[in-house]
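A.B. asks: How does the following fold in three dimensions:
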Amino acid sequence: MADVVPEWVRLLPHLNASLNGLSALFLLGGYRAVRQKRLLQHRRRMLLAFLASTLFLISYLTYHFYPGVGTVRFLEPAWMRPFYLAVLIPHVILAVPVVPLALLALFFAFRGRYDRHRQVTRFLWPVWVFVSISGVLVYLMLYILFPQKSL
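C.D. replies: So this is what the prediction gives:
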């Protein structure tokens, strides 16, 4: 990463991982609340998960489109790269439908169409949880366990 990149931009990957982790915790808590029929807690936790994911997306795009940041590629150690890619590839592919499906789930919930809300969230929830947790794993591998150099 170029020296001209401000410190606040350099901190965004850490913020992104924190937001992903928070999203996962809120998703798990929201699931637990709905299973216990605590619907107000469910609604609050799912809205917090959506907020955390929205802030993540804004921060992620800010980081990757900031001039001089570039891309961080996992290169070393070579023996860990296949595992990293095995986490990253489904993470990226499954992240794409999360935003439209989350918006659809919110739309149905706010309209009181709980039958349609459940149909969407049966697919959305496990995907969203996977994307949130795998995002934290990608961060840990790229920045903490095996710090990579920016291109």
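A.B. asks: Centre of the chain to the one helix or strand residue 8 maps to, how far?
C.D. replies: Using DSSP states H and E, residue 8 maps to helix 7-10. When C-alpha coordinates are averaged (CA atoms, centre = their mean, to the nearest Å), helix 7-10 and its chain have centres 20 Å apart.
A.B. asks: Name the residues that touch that helix?
C.D. replies: For helix 7-10, contacts defined as CB atoms under 8 Å, 6 or more residues apart in numbering pick out 1, 62, 63, 66, 69. Where you see a C-beta, it was placed from the backbone N, CA and C, and this is true even at glycine.
A.B. asks: If you tally nearby residues, what's the number for the nearest residue to residue 106 once chain neighbours are set aside?
C.D. replies: Spatially, and ignoring its direct neighbours in sequence, residue 106 is nearest to residue 50 (6.6 Å; CB to CB, 6 or more residues apart in numbering). As a burial measure, residue 50 scores 20 neighbours (other CB atoms under 10 Å).
A.B. asks: repeat for the one 3 residues further on
C.D. replies: One way to gauge burial is a neighbour count; for residue 53, by other CB under 10 Å, it gives 25.
A.B. asks: Which element, helix or strand, includes it?
C.D. replies: helix 39-65.
A.B. asks: still on that earlier bit, how about the contacts of helix 7-10, which pair is most distant?
C.D. replies: 1 and 62 (14.0 Å; CB to CB).
A.B. asks: which intervals of this protein have sub-threshold pLDDT?
C.D. replies: 1-3, 150-151 (pLDDT under 70).
A.B. asks: For residue 36, see how far away residue 16 is.
C.D. replies: 31 Å (CB to CB, to the nearest Å).
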